[in-house]
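**Q** Just to be clear, the model below is a prediction. Sequence and coordinates:
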Amino acid sequence: MSSQKSTREAPAGKAPTRERGRLRVAALMDAGAEVIATRGYAAATMTEIAARAGASIGSLYQFFPSKEALGDALLRRYGERMEAALDALLARAAGISAAGIADGLVAVMTGLRDDRAAALTLIEARDDLETERKRLKALMLERIEAILSRALPELGGGRTGPMALMLLYVLKSVPALLADRDAKGAAMGDEVRRLIRLYMDA
C-alpha cells in the first residue's frame with residue numbers, strides 16, 4: 001500500500017440538480033472507474049478521465065474538484081450499489097434454495113465487477129481508506145449472514161457466521177476468475193455457483 005495519505009476529506013464539487021447533470025456525473029464516474037481500474041490510481045489523470053467520458057476537463061472539475069474527491073465518490077457509489085444489491089437478495093431470501101442463493105450472490109459480484117475493481121485499486125493506493133475498507137467488508141458480511149439466516153433458518157446462529165465469512169472470501173475471487181483467460185472466465189462463473197451450492201447443501 002502506498003504512503004499517499006489524506007488528512008482531511010476531499011472537498012465536494014457541485015451536486016447536479018437536473019437529470020442531464022446526473023447523467024453527466026454518472027458518465028464521469030463510469031469513466032473514472034474504468035481509468036483507475038485499468039491504469040491504477042497514481043497513473044490515472046483527470047484529463048484522461050474527462051476524455052474517456054467525452055467531457056471537458058472543466059466539466060469534470062465542476063463536479064469533482066480533485067482526483068481524491070472523485071475517488072471518494074466512486075467508493076461511496078460502490079458501497080451503495082453493493083448494499084442495494086445484497087438487500088434485494090435479502091428481500092427474496094425466505095424459502096430460496098441453495099442454488100438460488102448461489103446464483104444471487106454470484107450475480108451481485110459480476111454485476112458490480114467494474115465498480116469493485118476501481119474500489120479495490122483506490123483502497124490499495126490510499127492509506128486513508130482503511131476504515132472504509134473495513135466498513136465495506138463488515139457490510140457484506142452482515143448482509144450475507146442475514147441472507148443465510150433467512151434462507152436457511154435450520155442452520156442456526158452458530159453456523160451462519162462462519163459460513164458467511166467463507167462465502168465472502170469465495171465471492172471475492174469471482175472477478176479475478178471471470179477475468180482469467182486461461183481459466184476460461186465465463187465457465188468459472190458456473191463453477192463458483194456449483195461450489196457454493198455444494199457447500200451450502202453439505
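**A** Noted; the coordinates are in hand. Numbers count the residues shown, from 1 in each chain.
**Q** can you count the residues close to residue 196?
**A** Residues lying near residue 196 (other CB atoms under 10 Å) number 22. Yep, even glycine has a C-beta here, placed from its N, CA and C like the rest.
**Q** mind checking which helix or strand it is in?
**A** Using DSSP states H and E, the secondary-structure element containing residue 196 is helix 185-201.
**Q** which of the residues in the top helix by length along the chain are buried?
**A** Ranked by number of residues, the top helix in the chain under DSSP state H is helix 67-91. If you call a residue buried by 16 or more other CB atoms under 10 Å, then helix 67-91 has these buried ones: 67-75, 77-79, 81-82, 85-86, 89-90.
**Q** Next secondary structure element downstream of it?
**A** helix 98-111.
**Q** quick one, that next one and helix 185-201 angle?
**A** Note on geometry: by axes from the mean of the first three to the mean of the last three CA atoms, to 10 degrees, helix 98-111 and helix 185-201 are set 140 degrees apart in direction.
**Q** So which residue is smack in the middle of the chain?
**A** residue 116 (3.4 Å; CA atoms, centre = their mean).
**Q** any idea how far residue 119 is from the closest residue to that residue other than its chain neighbours?
**A** Nearest residue to residue 116, sequence neighbours excluded (CB to CB, 6 or more residues apart in numbering): residue 175, at 6.0 Å. With distances taken as CB to CB, to the nearest Å, residue 175 is found 11 Å from residue 119.
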